[in-house]
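S.K.: All I have is the shape, not the residue letters:
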């Protein structure tokens with residue numbers, strides 16, 4: 001089955017509000033591949049609804065939308081922007097956005113949901129889990145195939161849509177968080193010169209490397225995104241299970257207890273307004289488990305980048321301007337580092353993007369890669385899609401963090417950490433294979 005979410009156009013979530021009694025509503029789901037199905041009523045018409053556990057999107061097929069227009073369930077007033085695109089045979093074209101005034105799911109009602117029409121006819125309506133989460137706490141029981149909506153005290157809550165505001169502490173409940181499943185940048189493969197003969201010893205020698213095309217996350221993975229993974233799976237990170245992390249305070253190292261991925265660089269519990277900050281205190285395995293989960297819910301292959309892919313993308317791929325940092329020669333414009341970070345991380349995407357439109361590859365957090373580290377690997381590296389040594393004691397991490405000096409934040413600079421490390425300056429971003 002080709003799933004609807006692979007074909008859907010970009011979502012615009014407008015005003016999304018709801019009313020329902022204060023209770024936990026449990027709805028039985030049918031599983032089809034990697035998506036779940038139930039029934040609902042849209043403007044009074046009973047439809048099958050597919051739930052994509054990894055998406056933010058709301059889409060409806062052109063076939064169902066056309067039926068609803070012809071039979072009075074939708075009107076021209078429901079078209080967002082009063083513009084409808086039609087093909088030569090009169091069918092509604094992909095990309096038209098409509099307002100679904102009322103969606104009834106079990107005993108819960110969503111009102112004024114903006115959806116995008118897609119040409120796929122296999123699933124009439126798809127609602128992403130992130131959209132449903134506007135109702136309250138969403139829990140999927142993968143053993144019993146049930147969806148539980150715990151409304152709690154939010155029955156009059158209203159979301160203000162998906163526009164990202166400039167305030168660094170904009171509430172995560174008021175913005176649509178950057179989602180790896182859709183915020184991916186295509187990186188066309190090619191040949192580049194990896195390393196730096198004028199850098200540190202492990203950056204030498206410069207050598208020619210060719211990488212295949214791939215997609216890379218536009219942003220570092222955020223606290224909010226990691227929260228979705230933990231909520232969906234119940235996963236416990238190493239920091240939670242073992243009870244400790246290490247933290248650099250700008251001068252010395254500290255061991256902190258009862259600190260994990262929901263905490264900031266100083267060990268303070270983050271408010272939900274900080275869900276768009278890069279996630280911290282993860283081991284390499286904690287990051288890899290997120291990639292596995294994202295792959296399972298999207299039917300696409302997500303993973304950590306190889307070291308070669310990371311450097312190629314940081315340099316701008318085929319659009320490389322030979323900058324020192326990812327996004328320019330002025331580190332202050334490109335990223336958050338020791339002299340401008342005020343000893344903390346910052347929301348993703350606030351500094352200049354690089355030539356490919358990717359953010360924060362310089363600074364904010366150092367990013368895990370998939371490769372084992374070897375100081376002398378560049379002298380024996382494969383020339384095509386290198387994946388690092390076959391074994392090692394530590395994993396390569398790249399890009400510099402909020403605490404890093406300029407010389408430790410260059411595109412070619414190499415860092416490494418043991419797999420068990422869980423500290424306050426390491427994070428990660430994902431890549432997706434074509």
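M.R.: In hand now; what should we look at? Computed from a prediction, not measured in an experiment: that's the story for all the values here.

S.K.: Secondary structure class of residue 98, three-state.
M.R.: strand (DSSP: H, G, I helix; E, B strand; the rest coil).

S.K.: Check the one 5 residues further on too.
M.R.: Going by three-state DSSP, the secondary structure assigned to residue 103 is strand.

S.K.: And for residue 230?
M.R.: Per three-state DSSP, the secondary structure class of residue 230 is helix.

S.K.: For it, which non-adjacent residue is spatially closest?
M.R.: residue 261 (7.6 Å; CB to CB, 6 or more residues apart in numbering). All C-beta atoms are positioned from the backbone trio N, CA, C, and that covers glycine.

S.K.: contacting residues for that neighbour?
M.R.: With contact taken as CB atoms under 8 Å, 6 or more residues apart in numbering, residue 261 is in contact with 223, 226, 230, 237, 239, 240, 279, 280, 281, 282, 286.

S.K.: for it, phi and psi?
M.R.: When read as degrees, to the nearest 10, the backbone of residue 261 gives phi -60, psi -20.

S.K.: where does it land on pLDDT?
M.R.: In this prediction, residue 261 carries a pLDDT score of 98.

S.K.: Throw the contacts of residue 261 into a markdown table and include neighbour count, pLDDT and distance to residue 203, thanks.
M.R.: Listed next are those as a markdown table, based on neighbours: other CB atoms under 10 Å; pLDDT from 0 to 100; distance: CB to CB, whole Å:
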| residue | neighbour count | pLDDT | distance to residue 203 |
| --- | --- | --- | --- |
| 223 | 23 | 96 | 32 |
| 226 | 24 | 96 | 31 |
| 230 | 17 | 94 | 36 |
| 237 | 23 | 97 | 31 |
| 239 | 25 | 97 | 31 |
| 240 | 18 | 97 | 35 |
| 279 | 29 | 98 | 28 |
| 280 | 29 | 98 | 26 |
| 281 | 29 | 98 | 28 |
| 282 | 27 | 98 | 26 |
| 286 | 24 | 97 | 28 |
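
S.K.: Let me have these in CSV, adding secondary structure and distance to residue 404 as columns.
M.R.: CSV is the format used below for these (DSSP: H, G, I helix; E, B strand; the rest coil; distance: CB to CB, whole Å):
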residue, secondary structure, distance to residue 404
223, helix, 21
226, helix, 22
230, helix, 28
237, coil, 23
239, helix, 22
240, helix, 27
279, coil, 18
280, coil, 15
281, coil, 18
282, coil, 18
286, helix, 22
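
S.K.: Can you tell me which of the residues you listed lies closest to residue 363?
M.R.: residue 280 (14.0 Å; CB to CB).

S.K.: For the closest one, which non-adjacent residue is spatially closest?
M.R.: residue 424 (5.3 Å).

S.K.: how near is the one you found to residue 98?
M.R.: Note on residue 424: its distance to residue 98, by CB to CB, to the nearest Å, is 45 Å.

S.K.: Among the two, which residue is more densely surrounded?
M.R.: Counted by other CB atoms under 10 Å, residue 424 and residue 98 do not tie: residue 424 has more neighbours, with 26 against 22.

S.K.: wait, the more buried one sits on residue 265?
M.R.: Yes. With contact defined as CB atoms under 8 Å, residue 424 counts as touching residue 265 (4.4 Å).

S.K.: Show me whatever sits in contact with both of those two.
M.R.: Common neighbours of residue 424 and residue 265 are listed as 247, 280 (criterion: CB under 8 Å, 6+ apart).

S.K.: mind checking the backbone torsions on the closest residue to residue 412 other than its chain neighbours?
M.R.: On the basis of CB to CB, 6+ apart, the spatially nearest residue to residue 412 that is not a chain neighbour turns out to be residue 196, at 4.0 Å. When quoted as degrees, to the nearest 10, the phi and psi of residue 196 stand at phi -160, psi 110.

S.K.: For residue 196, report the pLDDT, please.
M.R.: Residue-level confidence at residue 196 comes out at 96, pLDDT.

S.K.: check contacts around residue 423.
M.R.: With contact set as CB under 8 Å, 6+ apart, residue 423 has these partners: 245, 246, 247, 248, 280, 281, 417.

S.K.: Look up how far residue 117 lies from it.
M.R.: 46 Å.

S.K.: Mind giving me the packing neighbours of the host helix or strand of residue 69?
M.R.: Using DSSP states H and E, residue 69 sits in helix 62-70. Packing partners of helix 62-70 (3 or more CB pairs under 8 Å, 6 or more residues apart in numbering; DSSP states H and E): strand 108-118.

S.K.: what packs against the strand it packs on?
M.R.: strand 16-19, strand 58-61, helix 62-70, strand 97-105.

S.K.: so how far is it from its chain's centroid?
M.R.: Strand 108-118 has its average C-alpha position 22 Å from the chain's average C-alpha position, going by CA atoms, centre = their mean, to the nearest Å.

S.K.: In it, which residues are buried?
M.R.: By neighbour count on 16 or more other CB atoms under 10 Å, the buried set for strand 108-118 is 108, 109, 110, 113, 114, 115, 116, 117, 118.

S.K.: what does stretch 327-345 give?
M.R.: Judged by neighbour count using 16+ other CB under 10 Å, the buried positions of stretch 327-345 are 327, 328, 331, 334, 335, 336, 337, 338, 341, 344, 345.

S.K.: backbone phi and psi for the last one, please?
M.R.: Translated: residue 345. Here the main-chain torsion angles of residue 345 (degrees, to the nearest 10) amount to phi -80, psi 170.

S.K.: pLDDT at the most far-flung residue of the chain relative to its centre, what is it?
M.R.: The C-alpha centroid of the chain is most remote from residue 71, which lies 38.6 Å away (CA atoms, centre = their mean). Model confidence at residue 71, given as pLDDT, is 88.

S.K.: ditto for residue 302
M.R.: 95.

S.K.: What of residue 242?
M.R.: Model confidence at residue 242, expressed as pLDDT, equals 96.

S.K.: Good, we can wrap up now.
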